[in-house]
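J.: here is my input; please provide its structure:
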Amino acid sequence: MTVTSAQTADGDLLDESAKRLLASVKTAGDRAAAQALVEEGTILARRSVLSVLGLLDAPAWSPVRWEGLTGRVYSLGLDEEQRAFLGLTLSMVGIGQVTLAAVTDLGERRLAVMLRAIARLAGNDTLAVGTRI
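T.: Residues are numbered from 1 along each chain as shown. All right, here's what the predicted structure looks like:
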């Protein structure tokens, strides 16, 4: 899939949005999901995703709206693997009904990110980036 510059966030906007997303965490599920999206990189880089999360053109104090992604997963311009990853990520915050079998749609890189996120969700933050599981 070719993504135009109008569809993706620039580097500064992405960095600022990632910081706001990580700062918004309230639960272990939020933390695991937020870190997974930041590590994955391509989903959070889409303006459509930032907008639905409330991270685009919104005051810094406004809340992150995870639930806004649920009904819009198919209208965000994501490919199949990105949708599977996002569905699994949303399940960490208790939104959506994605089965664990969705991992079969993930490539090796996204699978590694998801495994680290699941470890975080279980309370194990000691896995370093790049750790082979």
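J.: contacts and neighbour counts: CA atoms only from here.
T.: OK.
J.: could you confirm residue 97 falls within a strand?
T.: No - counting by DSSP: H, G, I helix; E, B strand; the rest coil, residue 97 is located in no strand; its state is coil.
J.: the residue nearest to it when sequence neighbours are not counted: how many residues sit nearby?
T.: Once flanking residues are discounted, residue 97 sits nearest to residue 91: 6.8 Å by CA to CA, 6 or more residues apart in numbering. Using other CA atoms under 10 Å, residue 91 has 18 other residues around it.
J.: report pLDDT for residue 91.
T.: Per-residue pLDDT puts residue 91 at 92.
J.: how about low-confidence regions in the chain?
T.: 1-9, 58-61, 125-133 (pLDDT under 70).
J.: who's in contact with the spatially most central residue of it?
T.: Centroid-nearest residue in the chain, with CA atoms, centre = their mean: residue 37, separated by 2.7 Å. With contacts defined as CA atoms under 8 Å, 6 or more residues apart in numbering, residue 37 is in contact with 43-44, 86, 89.
J.: quick one: which of those sit in helices?
T.: The helices, defined by DSSP state H, take in 86, 89 from these.
J.: state the pair within the contacts of residue 37 that is farthest apart.
T.: By the measure CA to CA, 44 and 89 form the most distant pair in the contacts of residue 37, at 11.9 Å.
J.: residue 115: neighbour count?
T.: For residue 115, the tally of surrounding residues (other CA under 10 Å) stands at 16.
J.: which helix or strand contains the residue nearest to residue 120 when sequence neighbours are not counted?
T.: If you skip the residues right next to it in sequence, residue 120 has residue 32 as its closest partner in space, 5.6 Å away by CA to CA, 6+ apart. Here residue 32, judged by DSSP states H and E, is contained in helix 28-40.
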